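K.L.:
got a sequence here, can you build the structure:
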Amino acid sequence: MVQRTDAGTDLIRLAWPDVGAAEAEAVAEVLESGQLTMGPKVEEFERGLAAACGTEHAVVVSSGTAALHLAVLALGIGPGDEVLVPAYTFPATANVVAFVGAKPVLVDVDPETMNLDPQKLEPGPRTKAIVAVDLFGRPARIELLPGGVSVLEDAAGALGAKRQGRPCGSLGALACLSFHPRKIVTTGEGGAVTTDDAELADAIRRMRHHGIEPRGGFEIAHAGLNYRLSDILCAVGIPQLARLGELFEARTRIAAGYTERLRDIVETPSADEGDVHGWQAYVIQVDGAADKIAALREQGIEAQVGTYALHRLAAYRDQGEFPGASRVFERAVALPFHTRLSESDLDRVAEALTSLVSK
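P.N.:
Numbers count the residues shown, from 1 in each chain. Modelled structure (predicted):
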């Protein structure tokens, strides 16, 4: 049933996963097999992800946050270490660093790209890694980051995106993906770590499965966790991944539709020349974002903040001010973005925004 607002207008939802009969049939196949976890669907999904990202290895786990957590552990990061993290990103990016006992050191972002500002990066003697986020699917300028420090690519929303011809998910020592329902490929919940480094991949496999060695007999040299992804959820992801090109084309078309309608009204998202945007979300920038979001919601349009300025959260408030992150947080609006949006939906969102901006 389509939700309706009090005024009787159809609700335009923020997100709507593009799943259907193929995913249902794949799940039914797993249920009938009796092999619900640690079965063949896990390896099949991993092979597809590695191919999509152009890496030697992909290891699926229970969430994007789990992927980040294990990637940080695999890099040997712990107490006394520092990791440079964008000041504007989803909190999980910094939380996993704090959770292993290291210090997330916030770095300001470029308000235009909303990604790390390479000119603001100042690695110190304790810097163990830099987390570069391809925010909302826009590839980060990873080649401009300082050398000599491991780069962890947070590609949670960038499956299908490319940086100067290279697939996102292959731009760092490790990369992390998310399959949350707002992502282009979803498993409901889930994530993956991609890498060309066999030792790092084995470390991820070990830690996601209680610390058990990935090959040979049962042995646990170091304690691990249960961050496995079930065959049921991998079965959802396999047909999704097979349709990656189709899903990407649909999102690109919707993004172009928004841009055509809004380019003269607000600041619309883009990517560097030669890059391919992943379009995990369509996030505009406009003054008074909070008021615009509230007004759009009143009209039955599910808008949302882009993401969070970490220095405004209590956990990271002691790190000072980050004007780029503050500016973006105060101006970013995530518009409804999914493959069920019609041309009339895009018209309605654009007309509502135009009216609000002109007031």
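K.L.:
pull out the buried positions in stretch 329-344.
P.N.:
Applying a neighbour-count criterion of 16 or more other C-beta atoms under 10 Å, one finds F329, E330, R331, A332, V333, A334, L335, P336, F337, H338, L341 buried in stretch 329-344. (Each C-beta comes from the backbone N, C-alpha and C, glycine too.)
K.L.:
where does the last one land in three-state SS?
P.N.:
Three-state assignment for L341 (DSSP: H, G, I helix; E, B strand; the rest coil): coil.
K.L.:
who's in contact with the closest residue to R340 other than its chain neighbours?
P.N.:
Using C-beta to C-beta, 6 or more residues apart in numbering and skipping residues adjacent in sequence, the residue nearest R340 is W16, 4.9 Å away. With contacts defined as C-beta atoms under 8 Å, 6 or more residues apart in numbering, W16 is in contact with H338, T339, R340.
K.L.:
residues touching the last one, list them.
P.N.:
The one in question is R340. R13, W16, D18.
K.L.:
what of the first one?
P.N.:
Listed by C-beta under 8 Å, 6+ apart, the contact partners of H338 are R13, L14, A15, W16, P17, D18, I254.
K.L.:
10 Å instead?
P.N.:
Residues in contact with H338, defined by C-beta atoms under 10 Å, 6 or more residues apart in numbering, are 12-18, 181-182, 250-251, 254, 282, 345.
K.L.:
now do K183
P.N.:
Contact partners of K183, counting by C-beta under 10 Å, 6+ apart, are 15, 17, 64, 137, 156-159, 177, 190-191, 240, 247, 278, 280-281.
K.L.:
quick one, strands of the stretch 201-350 of the chain?
P.N.:
When secondary structure is read from DSSP state E, counting those that start in this stretch, the stretch 201-350 of the chain shows strands at 282-285, 304-305, 332-335.
K.L.:
want to try TSV for those, with mean pLDDT and distance to L313 as columns?
P.N.:
Formatted as TSV, the strands of the stretch 201-350 of the chain follow (pLDDT from 0 to 100; distance: least, C-beta to C-beta, whole Å):
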stretch	mean pLDDT	distance to L313
strand 282-285	98	19
strand 304-305	98	13
strand 332-335	98	16
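K.L.:
could those go into CSV alongside distance to E44?
P.N.:
Rendered in CSV, the data for these read as follows (distance: least, C-beta to C-beta, whole Å):
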stretch, distance to E44
strand 282-285, 31
strand 304-305, 34
strand 332-335, 32
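K.L.:
so for E122, which of those sits nearest?
P.N.:
Ranking these by distance to E122, with C-beta to C-beta as the measure, places strand 332-335 first at 25.4 Å.
K.L.:
may I have the closest one as PDB, with CA atoms only?
P.N.:
C-alpha atoms of strand 332-335 as PDB (Å, rounded to 0.1, in the frame of the first residue of the first chain):
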ATOM      1  CA  ALA A 332      23.200  19.400   2.700                       C
ATOM      2  CA  VAL A 333      19.800  17.800   1.800                       C
ATOM      3  CA  ALA A 334      19.400  14.200   0.700                       C
ATOM      4  CA  LEU A 335      16.500  14.000  -1.700                       C
END
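K.L.:
sheet-wise, list the partners of it with their directions.
P.N.:
Sheet neighbours of strand 332-335, with direction, are listed as strand 282-285 (antiparallel), strand 304-305 (antiparallel) (DSSP bridges).
K.L.:
tell me which of these sits most buried.
P.N.:
Ranked by mean neighbour count under mean count of other C-beta atoms under 10 Å, those are led by strand 282-285, which reaches a mean of 23.
K.L.:
and that one, how far from the chain's centre?
P.N.:
Using C-alpha atoms, centre = their mean, to the nearest Å, the mean C-alpha position of strand 282-285 is found 15 Å from that of the whole chain.
K.L.:
next one: stretch 266-284
P.N.:
Between the centre of stretch 266-284 and the centre of its chain there are 14 Å (C-alpha atoms, centre = their mean).
K.L.:
buried residues, that stretch. List them.
P.N.:
With burial defined by 16+ other C-beta under 10 Å, the residues of stretch 266-284 counted as buried are 266-269, 271, 275-284.
K.L.:
got the end-to-end distance for that stretch?
P.N.:
Counting by C-alpha to C-alpha, to the nearest Å, the length from the leading to the trailing residue of stretch 266-284 is 7 Å.
K.L.:
stretch 305-321 too?
P.N.:
Using C-alpha to C-alpha, the two ends of stretch 305-321 sit 20 Å apart.
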